[in-house]
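# predicted coordinates and the sequence they were generated for:
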Amino acid sequence: MVKTEIKLKGLTLKNPVMTASGTFGYGEEYADFVDLSELGGIIVKGTTLHHREGNPYPRMAETPMGMLNCVGLQNKGVDYFIETIYPRIRHYDTNVIVNVSGSNIDDYVAAAAKIDALDDVPAIELNVSCPNVKQGGMAFGVTCSGIEQVTKAVREVYHKHLMVKLSPNVTNIAEIALAAEAAGADSVSLINTLLGMAIDAETRKPVLSMVTGGLSGACVKPVALRMVWQVSKAVKIPVIGLGGISSATDAIEFLLAGASAIQIGTANFIDPAISGKVAKGIVEYCEKHGVEDVNELVGGLIL
Amino acid sequence: MVKTEIKLKGLTLKNPVMTASGTFGYGEEYADFVDLSELGGIIVKGTTLHHREGNPYPRMAETPMGMLNCVGLQNKGVDYFIETIYPRIRHYDTNVIVNVSGSNIDDYVAAAAKIDALDDVPAIELNVSCPNVKQGGMAFGVTCSGIEQVTKAVREVYHKHLMVKLSPNVTNIAEIALAAEAAGADSVSLINTLLGMAIDAETRKPVLSMVTGGLSGACVKPVALRMVWQVSKAVKIPVIGLGGISSATDAIEFLLAGASAIQIGTANFIDPAISGKVAKGIVEYCEKHGVEDVNELVGGLIL
Amino acid sequence: MKSRYLRLYVYMKAIIDFIIVEKQSFQRAALLKLKSATQLPEIAGGQFANVRVDGCDKAYLRRPISIHDVDYHNNTIDLLIQEKHEGTKKLCALPVGAKLNVVLPLGNGFTMPEKDDNILLVGGGIGIAPLLYFAKTIRKDARPCVSTGVHFLLGGRTQDDLMLLDRFRNEGDVFITTNDGSMGEKGFVTEHSLWNTKKINKIYACGPMPMMKAVAKVAREKGIWCEVSLENQMACGIGACLCCVENTKEGNLCVCKEGPVFNIERLLW
Amino acid sequence: MKSRYLRLYVYMKAIIDFIIVEKQSFQRAALLKLKSATQLPEIAGGQFANVRVDGCDKAYLRRPISIHDVDYHNNTIDLLIQEKHEGTKKLCALPVGAKLNVVLPLGNGFTMPEKDDNILLVGGGIGIAPLLYFAKTIRKDARPCVSTGVHFLLGGRTQDDLMLLDRFRNEGDVFITTNDGSMGEKGFVTEHSLWNTKKINKIYACGPMPMMKAVAKVAREKGIWCEVSLENQMACGIGACLCCVENTKEGNLCVCKEGPVFNIERLLW
Ligand SMILES: Cc1cc2nc3c(=O)[nH]c(=O)nc-3n(C[C@H](O)[C@H](O)[C@H](O)COP(=O)(O)OP(=O)(O)OC[C@H]3O[C@@H](n4cnc5c(N)ncnc54)[C@H](O)[C@@H]3O)c2cc1C
Ligand SMILES: Cc1cc2nc3c(=O)[nH]c(=O)nc-3n(C[C@H](O)[C@H](O)[C@H](O)COP(=O)(O)OP(=O)(O)OC[C@H]3O[C@@H](n4cnc5c(N)ncnc54)[C@H](O)[C@@H]3O)c2cc1C
Ligand SMILES: Cc1cc2nc3c(=O)[nH]c(=O)nc-3n(C[C@H](O)[C@H](O)[C@H](O)COP(=O)(O)O)c2cc1C
Ligand SMILES: Cc1cc2nc3c(=O)[nH]c(=O)nc-3n(C[C@H](O)[C@H](O)[C@H](O)COP(=O)(O)O)c2cc1C
Ligand code: FES
Ligand code: FES
């Protein structure tokens, strides 16, 4: 039996596979395809203090082995989440983690404090890296001082596992990760989407309503893997790797690069059963290669 | 007859299609496939003051709709170029542009000064963004002061068209472009490769000898297009767009986003005749859409 | 009523590897019959499938395609696919014997009519696809078929757009318009003479946006209940990504989950 | 001598859309016969083709494949392809009638032997591919064939690796080793008894690295002239990208352009 448990501070994952925020709804949407109890965790859709309608349609453009989105954090707000969604999903036999976003520090803090009170949510993922909202969002994630401020402020009110999600749209991601660590993050997750753009040559217009959007999917994997490697060499807290993971082999590569766990995003759209398959595939890899504990793979890159 | 001529300061392209440095050799390699006289220009392999052996093999990894390389500027040095290669290629009926690299400012300046003396080279492209060399290279391209220093120094000795090639591995590429403009660049070209990485899960080793390498090809197009758009809104000098261009439609998108001309890189490997096809395809697009002069497309994005 | 509850229970979504067992090619479209080795989930008229396009580097995401027909006995579904760009071209070029990975059934179908309804099913171009199976479900519903039968009003630019008319004629009366007059009455569906002669109290429409907007306009003018099936761009197809939203009176709703069928009263157009 | 110059002149590279006209499938390999509608450029033994893999999202770049045979009269080439990962699997799965876009001929072939040479062509695994056509060019060269004929020494792990032996027997004597002894002598090619019995002054080798290194070692020990064909990873295949370099006594050389065939004297191993 391969040991697959990953212990992070205050957060135990039964295996390293989680699903990425904004790509897995609230888990319910995938329940017909995946046994949710076979996942290490589910990170639900970005939640903000107040209701947000998100950006206008069109919000999506297909790109070579990837997609752009400018959803813009459409959600009904943290109170609606607590009252209506949380009761439905709190008893999943997996970690339910809430992705928290805001347009200013007070909003982040207020939303995080409300979620701190939910018994069955062991962690939040602080989204300081969403490229699709005008205020806040990515702005916090691209400077050390921005990330420090918001992480510190949330740290004061949030007492469980605090994961900070990093933007790849920066010159030096290791520096940003160190700032999050210094400000009290329990882990960092990366990458959020790369800022991109699509144009329709026929109409001469941008494809997306917001002109630019976030790039995700298989195409970003090489960049994500590089950043996970750079960050995991720099920080002491665990790193959660994501960006283009579409198979168990991809997941193993992120573990080897230094990720303690991984998230699957866009690949859920291509194969709604992929998260369960990756969890199984990691075990198969370990069996084949005589790895007794998945933790042995973490940072196991041979240079 | 569609007008396709693009006039840049001291550099007239018969059409907006050039080939990207490091992907088109010295043009000779493609002469069986493309009529070089049908191109706006050829940017030859990165040239340094001294001979460089480049990095060890393996230098390449395939990725989803893209590739990583860590060639590391293998070349025989500027003197060899001038003595042996230049005489062979100077009489091409197209612009021969030399891509110049260095590990320190003096080297850049010395190489640029030598090329300034070549009658049949109307421009250089300053490569301050190569991610595959330890010293210099990208380091200059990721800070405003770095790019300012090297551009200023080269500007003093180089009297023809000075194109500065930008790295996409930065938080704010518009800022970097403005620094290049202020320091005397006649144009900026972007993007160079995105820093990425590949791991072989079976051997647990990095695929590339240098661990990381530069990502190019169709997968990077959305990021490149976004950066071209951001930069062309910020600067007054012309912008040369590249990154993943694989068809005439892709090229049109870059023109609409604000590029005055484009370069084709990795796509040359997939179809060695693609550069000529793109040049023809742009004309066909213009004919179909009643565009009389390609310059009308530049920055023609309808918002 | 039992069938209603049954339905709610069985709309379980599945990922199925189908094999193409029959194929009929048209001008720029194809009809594919897909066979599943396992039992099909129950499917409502107007629901859709999300189809993976293997071996097409221009189609990373799945392609949403309406379910044109279902045969529970043989575990087959029919898809009627029009070539648009690379993804649908690749699908239309697939040979018999090819494998097709499909997620289904997705979305909410059309609302079943009541016994006394006078219904009109309006299809434009490839939008005719879901209407066939919907008509079949009406006729096969536990309750007796709507008393006046099923009427189809199908529109195309030319005769070539109107495929498989025999299939439709098997399920009801078929009225036709073409823009060029090459078949049926000349003009748009909304210009057909039946609007003046027939009694209609429920419209179900699927087709290009301008056509659906025109139908909705007619419905509003005449005060007729009307459902339309939207075709917003989708990424996940199951309500997870929020990419496919339609801005409605209730705010942004996912077309893949709350739709694709909407009563026009909910829409802002 | 005329043929020499002629060759230099006609090694023009071309991009050709071939059609697969014949196919033979093996355990985990396939032999494809590709027909061109236009005249083939002249091709030397040991040169390779760079093949685009359409409809495979795991193969963005072309795949270099040796030219196994050429028929200038019918404008066909043969490729012998072994399934490695996705790209070659897709190629091996292509049906007769499929289109294949190929850049050829690339690289420098093997050096033609002289009349009095005693030559041995050593192939391991799929490395046997280029040796067939090379042997044919030797026999068809303007000058009389090497006096002692062509000898092949072909090695595989098992019998299954040794395909198309009849083709090789048509061109010369065939000697065989397999690691498991299922065919020919048991052991590696370098352990075959012919090394002790035959007079050899030129070796041409193609196969997996360990095998080529072993052959090079034997050649050096015995002072025999030896060329090997390398298989470095390639991006462009035409000497433009500098990805495929082999670190040689002359520095980093492009295998696609300066090779794939190298005299072992130039190599660092
Ligand atoms: C619920 C629903 C049911 C549909 N039923 C059918 C059907 O039965 N038969 C049929 O031929 N077509 C149907 N369509 C339209 C079909 O999905 C598109 O024609 C197809 O996705 C185009 O793919 P492409 O690769 O050829 O075109 P591309 O334009 O290259 O596709 C690029 C992207 O845009 C999306 N897209 C393009 N056109 C449309 C469109 N009209 N609607 C939604 N997304 C689009 C694609 O899914 C893809 O993500 C339906 C669409 C929806 C939403
Ligand atoms: C000059 C030359 C001649 C060759 N001749 C033949 C032949 O006649 N028959 C045959 O079956 N194979 C031949 N090969 C090897 C063949 O190119 C590889 O097996 C093939 O590229 C693997 O592709 P893949 O998608 O299956 O594997 P993957 O491992 O998925 O390929 C990933 C990347 O690595 C490269 N790569 C992988 N293996 C090799 C390899 N052994 N050599 C070079 N590049 C590799 C691929 O081109 C691709 O870029 C030759 C290689 C070279 C360089
Ligand atoms: C449609 C869509 C919506 C997303 N919404 C969110 C979000 O609400 N919060 C967040 O932190 N990341 C969001 N992301 C980013 C993903 O969680 C993930 O970081 C990114 O897609 C890269 O991973 P992938 O390539 O595996 O998809 C979203 C991504 C997509 C494609
Ligand atoms: C193999 C290879 C070698 C390259 N060498 C250079 C170089 O010497 N100098 C340079 O400025 N850019 C170099 N580049 C970057 C390209 O010129 C181009 O900026 C990049 O590949 C993005 O464009 P593309 O996606 O069209 O390839 C190289 C790229 C590749 C793939
Ligand atoms: S397509 Fe994802 S929510 Fe509708
Ligand atoms: S593969 Fe590009 S130089 Fe050899």
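Yes, it's here. Numbering: from 1, shown residues only, chains lettered A, B, ... in the order given. Ligands and ions are numbered 1, 2, ... in the order given.
# contacts only, for residue 174.
Using chain A here. Counting by C-beta atoms under 8 Å, 6 or more residues apart in numbering or on different chains, A:Ala174 makes contact with A:Gln230, A:Val231, A:Lys233, A:Ala234, A:Val235. Just so you know, the C-beta spots here come from the backbone N, C-alpha and C atoms, and that holds for glycine as well.
# um, chain C though
Neighbours of C:Val174 in contact, by C-beta under 8 Å, 6+ apart: C:Phe152, C:Leu154, C:Leu165, C:Phe168.
# out of these, the closest to chain B would be?
Nearest to chain B among these is C:Leu154, at 32.0 Å by C-beta to the nearest C-beta.
# hey, what's C:Gly155 bridged with?
Listed beta-bridge partners, C:Gly155: C:Gly124, C:Thr177 (assigned using DSSP bridges).
# who touches the helix or strand hosting A:Ser232?
Secondary structure assignment for A:Ser232, by DSSP states H and E: helix A:221-234. If you take C-beta under 8 Å, 6+ apart as the criterion, helix A:221-234 is touched by A:166, A:168, A:173-175, A:177-178, A:188, A:190-191, A:194, A:239, A:241-246, A:250, A:253-254, A:257-259, A:299, A:301, B:61, B:63-64, B:66, B:68, B:194-199, B:211-212, B:215.
# any of those residues buried? List them.
In the contacts of helix A:221-234, burial by neighbour count holds for A:166, A:168, A:173-174, A:177-178, A:188, A:190-191, A:194, A:239, A:241-246, A:250, A:253-254, A:257-259, A:299, A:301, B:61, B:63-64, B:66, B:68, B:194-199, B:211-212, B:215, counting by 16 or more other C-beta atoms under 10 Å in any protein chain shown.
# next to ligand 1, which bits of the stretch 51-200 of chain C? Give me the list.
By C-beta under 6 Å from any ligand atom, the residues of the stretch 51-200 of chain C that approach ligand 1 are C:59, C:61, C:63-66, C:80-82, C:84-88, C:126, C:129.
# switch to 8 Å and redo it
With C-beta under 8 Å from any ligand atom as the criterion, the stretch 51-200 of chain C comes near ligand 1 at residues C:53, C:56, C:58-59, C:61-68, C:79-91, C:106-107, C:126-127, C:129-130.
# now the buried members of those residues.
Among these, those buried by neighbour count (16+ other C-beta under 10 Å) are C:53, C:56, C:59, C:61-68, C:79-83, C:87-91, C:106-107, C:126-127, C:129-130.
# tell me which of those residues fall in strands.
Cross-referencing these against strands under DSSP state E gives C:Arg63, C:Pro64, C:Ile65, C:Ser66, C:Leu79, C:Leu80, C:Ile81, C:Gln82, C:Leu106.
# biggest helix in chain C by residues?
The residue-count maximum for a helix in chain C (DSSP state H) belongs to helix C:209-222.
# likewise for chain A?
In chain A, assigned by DSSP H, the helix with the most residues is helix A:274-289.
# list the buried residues in that one.
Buried residues in helix A:274-289, counting neighbours by 16+ other C-beta under 10 Å, are found at A:Ile274, A:Ser275, A:Gly276, A:Lys277, A:Val278, A:Ala279, A:Gly281, A:Ile282, A:Val283, A:Tyr285, A:Cys286.
# what about the closest residue to A:Lys165 other than its chain neighbours, neighbour count?
Excluding the flanking residues, the one nearest A:Lys165 by C-beta to C-beta, 6 or more residues apart in numbering or on different chains is A:Ser189, at 4.6 Å. Neighbour count for A:Ser189, taken as other C-beta atoms under 10 Å in any protein chain shown: 31.
# could you do A:Phe140 as well?
27.
# that one touches A:Val128, doesn't it?
Yes - the pair A:Phe140 / A:Val128 is scored as a contact, 4.0 Å apart, by C-beta atoms under 8 Å.
# surely A:Thr23 meets A:Thr266?
Yes - the criterion here is C-beta under 8 Å, and A:Thr23 meets it with A:Thr266 at 6.0 Å.
# overlap in contacts, these two.
Both A:Thr23 and A:Thr266 are contacted by A:Ser216, under the criterion C-beta under 8 Å, 6+ apart.
# any idea how far C:Met209 is from the closest residue to chain D within the stretch 151-269 of chain C?
Residue of the stretch 151-269 of chain C nearest chain D, by C-beta to the nearest C-beta: C:Ala235 (17.1 Å). Distance, C:Ala235 to C:Met209, by C-beta to C-beta, to the nearest Å: 20 Å.
# which of the two has more neighbours?
Between C:Ala235 and C:Met209, C:Ala235 has the larger neighbour count (other C-beta under 10 Å), namely 29 against 12.
# which residues sit in contact with that one?
Residues near C:Ala235 by C-beta under 8 Å, 6+ apart: A:Met60, A:Met67, A:Asn69, A:Thr266, A:Phe269, C:Leu61, C:Cys241, C:Cys243, C:Cys244.
# three-state assignment of A:Gly214?
Put simply, A:Gly214 is strand when judged by DSSP: H, G, I helix; E, B strand; the rest coil.
# what residues are up against whichever residue of the stretch 151-300 of chain A sits closest to chain D?
Of all residues in the stretch 151-300 of chain A, A:Ala218 sits closest to chain D, at 8.1 Å by C-beta to the nearest C-beta. By C-beta under 8 Å, 6+ apart, the contact list for A:Ala218 reads A:Met65, A:Gly66, A:Gly244, A:Ser246, A:Thr266, A:Ala267, B:Pro64, B:Met65, C:Tyr60.
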